[in-house]
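Trainee: coords please:
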Amino acid sequence: MSRQAPTVRSVLGRRGFSSASEICGRSYAASACPPGRCGAGAYSSRSVCNLGGNRRISYVNGVCGGTGCFGEFGFGGVGYSSVGGRVGICIDERLLKPLCVGVDPLEHEIRCQEKEQIKTLNTQFACFIDKVRFLEQQNKVLETKWGLLQQYVLPKKGKNLELYFENYICDLRKRLDCLLCEKQKLGSEECATSQLVEEFKCKYEEEINRRTTVENEFVALKKDADCIFLNKEELEVKVDLLRRQLELLKCVFEEERAQVDRQLCDTSVIVKMDNNRDLDMESIIKNVECWYQEIAQKSKEEVDAFYQTRFQELQDKRGKYCDDLQSNKCEISELTRMIQKLQCELENVKKQVSCLQTSICDVEQRGDCALKDAREKHIELQNALQKAKDELACMLRDYQELLNVKLALDIEIATYKTLLEGEESRWVTETFSLFSCLSEARTTPMSNLGTGRICEGMCWDTEGGVGRSRGSNTLGKSGGNQVGSVLPCVKQLAC
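Mentor: Numbers count the residues shown, from 1 in each chain. Alright, predicted model coming up:
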């Protein structure tokens, strides 16, 4: 979106100056976020908060066989029966399939909100475009008016042209100040966007570090679980061996007892005993047999109790590790989803930053071009002003010379006027003397000859007026011609 300033042409008819500035609208990008994030989908000045979220997606998959079971990762359930024999390890193929994370239920609402925001932004952009077109039309109308006024309206004579140049320079300075203010605003916006980018980078690095730590912990837990499972297998094998040994010992004991009984039944022993002592061998044998049975029973109970407690402890540890493993799986899935969303947001922010940088570069270039044009126009106006000053100085010099010529002509006119007045006064005196002579001649006829000569000496000049005599007639003619040549010059100066 661009705003074009009106074109201003110089007073002296040179090339017009054009100044244009461009204001680039902000671009907005919307991204989906789960509950717990900021409610606005579009990119704005508010910061993204609570990136952790509170959704947990659990996925449990395991196989139980016999009396043993295990979780999702690594192994299937291994069971055993009371019958002797080694049981092999089976792996469930379903565990090799990727996790089914699911879809965010609020994604549709967020997309609807994003669509609405995009619609509103499109309407605003259309309004701005209409305003720009209207301003361009007004600009063209003003340019045509200014051209017509420049062609037909000329400054009055005697009016100082410096006012026009000063007004034009003030206008250029105002435009330069506006461009500098816009440049400062764009610089502040660039700083804000760079700060946001740095914050997102820090958060992204923190999430990556958390992910690596969680993955390391998961690997360690997996190793511990593997070790525990192997120990469990070894202990189960040992329990089986001990049970077999116990059964073998029971069988051996039964065989030995049977052999002893048979030997005791088959043999006939003649015993000579003192009458004072009556030994009951059967009771003694029964007591010994009971004593051995009690010892065997006690040892059997102790072994069963020991292995039962040990097995129970291992079962508890296994359940605890399974729960921890399941929680770690859920957290890892959530972290992966959050990392993907943060990556998308980071890409959007990078795109916005690139768009802003390109717009800032364009605005700076256009501002530099406008400033360069303004400086060139300012230099041209200064040159034109200097030329106008030089022309004005020349005109003042010519005017001073004309004033000097006028003063000289006024002085000459005054001198000629005095001369004419003197001649007129002398002519009047001569006419009076002539009339007096004529009057005397009438009275005295003898003086006719002298008066005739005097009358012959007098003459009338149609061009220069009445002359004194033929000798003085040349002066009257030359003075009249000079006065006649001076009068048109005086009239031109007066005009």
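
Trainee: return the list of helices and strands in contact with the helix or strand harbouring S433.
Mentor: Assessed by DSSP states H and E, S433 sits inside helix 281-443. Helices and strands touching helix 281-443, as assessed by 3 or more CB pairs under 8 Å, 6 or more residues apart in numbering; DSSP states H and E, comprise strand 20-22, helix 162-266, helix 448-457, helix 473-494. Using the backbone N, CA and C atoms, a C-beta is placed for each residue, glycine as well.

Trainee: tell me the most buried of the ones you listed?
Mentor: Per residue and on average, the most neighbours among the helices and strands packed on helix 281-443 fall to strand 20-22, with a mean of 16 (mean count of other CB atoms under 10 Å).

Trainee: pLDDT (mean, whole number) over that strand?
Mentor: Mean per-residue pLDDT for strand 20-22: 37.

Trainee: start the count at 42 instead of 1 going forward.
Mentor: All set: I'll call the first residue 42, so the last point we hit is now strand 61-63.

Trainee: sorry, back to before: now render the helices and strands packed on helix 322-484 as TSV, adding distance to Q165.
Mentor: Listed next are the helices and strands packed on helix 322-484 as TSV, based on distance: least, CB to CB, whole Å:
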stretch	distance to Q165
strand 61-63	17
helix 203-307	18
helix 489-498	109
helix 514-535	69
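
Trainee: quick one: closest of these to T459.
Mentor: Among the helices and strands packed on helix 322-484, helix 514-535 comes nearest to T459, with 11.2 Å by CB to CB.

Trainee: the helix holding S474 to helix 203-307, inter-axis angle?
Mentor: Helix 322-484 and helix 203-307 are oriented at 180 degrees to each other (axes from the mean of the first three to the mean of the last three CA atoms, to 10 degrees).

Trainee: got the domain boundaries for this structure?
Mentor: Residue ranges for the domains of the chain, per automatic domain parsing: 43-100+140-193+202-305+323-434, 446-535.

Trainee: just the mean pLDDT for stretch 462-474, thanks.
Mentor: For stretch 462-474, the mean confidence score works out to 85.

Trainee: show me what counts as buried in it.
Mentor: Within stretch 462-474, the residues scored as buried using 16 or more other CB atoms under 10 Å are 464, 468, 471.

Trainee: tabulate those (a markdown table), appending distance to L213.
Mentor: What follows is the buried residues of stretch 462-474, written out as a markdown table (distance: CB to CB, whole Å):
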| residue | distance to L213 |
| --- | --- |
| E464 | 68 |
| W468 | 72 |
| E471 | 78 |
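
Trainee: what's the helix or strand that contains V173 packed up against?
Mentor: Assigned by DSSP H and E, V173 belongs to helix 148-193. Helix 148-193 sits against strand 43-45, with contacts defined as 3+ CB pairs under 8 Å, 6+ apart.

Trainee: can you pull the buried residues of stretch 176-188?
Mentor: Using 16+ other CB under 10 Å as the burial criterion, the residues of stretch 176-188 that qualify are 180, 184.

Trainee: alpha carbons only: can I get it in PDB?
Mentor: Only the C-alpha atoms of stretch 176-188 are listed here, as PDB (Å, rounded to 0.1, in the frame of the first residue of the first chain):
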ATOM      1  CA  LEU A 176      -5.900   9.900  -2.800                       C
ATOM      2  CA  GLU A 177      -4.100   9.200  -6.100                       C
ATOM      3  CA  GLN A 178      -7.000  10.700  -8.000                       C
ATOM      4  CA  GLN A 179      -7.000  13.800  -5.800                       C
ATOM      5  CA  ASN A 180      -3.300  14.000  -6.300                       C
ATOM      6  CA  LYS A 181      -3.700  14.000 -10.100                       C
ATOM      7  CA  VAL A 182      -6.400  16.700  -9.800                       C
ATOM      8  CA  LEU A 183      -4.200  18.800  -7.700                       C
ATOM      9  CA  GLU A 184      -1.300  18.300 -10.100                       C
ATOM     10  CA  THR A 185      -3.400  19.500 -13.000                       C
ATOM     11  CA  LYS A 186      -4.700  22.500 -11.100                       C
ATOM     12  CA  TRP A 187      -1.100  23.300 -10.000                       C
ATOM     13  CA  GLY A 188       0.100  23.100 -13.600                       C
END
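
Trainee: so which of the helices and strands packed on helix 322-484 comes closest to L383?
Mentor: Closest among the helices and strands packed on helix 322-484, using CB to CB: helix 203-307, at 5.7 Å.

Trainee: and that closest one, what does it pack onto?
Mentor: strand 61-63, helix 322-484.

Trainee: least reliable of those going by mean pLDDT?
Mentor: Across the helices and strands packed on helix 203-307, strand 61-63 gives the lowest mean pLDDT, at a mean of 37.

Trainee: on that earlier part again, now the helix holding V173: mean pLDDT?
Mentor: The average pLDDT for helix 148-193 rounds to 85.

Trainee: one more: stretch 278-293?
Mentor: Per-residue scores along stretch 278-293 average to 87.

Trainee: can I get it as PDB, trimmed to CA atoms?
Mentor: Coordinates of each C-alpha in stretch 278-293 appear next as PDB, following Å, rounded to 0.1, in the frame of the first residue of the first chain:
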ATOM      1  CA  VAL A 278      15.700 -68.900  36.300                       C
ATOM      2  CA  LYS A 279      17.400 -69.200  39.700                       C
ATOM      3  CA  VAL A 280      14.000 -69.700  41.400                       C
ATOM      4  CA  ASP A 281      13.200 -72.500  38.900                       C
ATOM      5  CA  LEU A 282      16.500 -74.100  39.600                       C
ATOM      6  CA  LEU A 283      16.000 -73.900  43.300                       C
ATOM      7  CA  ARG A 284      12.600 -75.400  43.000                       C
ATOM      8  CA  ARG A 285      13.900 -78.200  40.900                       C
ATOM      9  CA  GLN A 286      16.700 -78.800  43.500                       C
ATOM     10  CA  LEU A 287      14.100 -78.800  46.300                       C
ATOM     11  CA  GLU A 288      12.000 -81.300  44.500                       C
ATOM     12  CA  LEU A 289      15.000 -83.400  43.800                       C
ATOM     13  CA  LEU A 290      16.000 -83.300  47.400                       C
ATOM     14  CA  LYS A 291      12.500 -84.200  48.400                       C
ATOM     15  CA  CYS A 292      12.600 -87.200  46.000                       C
ATOM     16  CA  VAL A 293      16.100 -88.200  47.300                       C
END
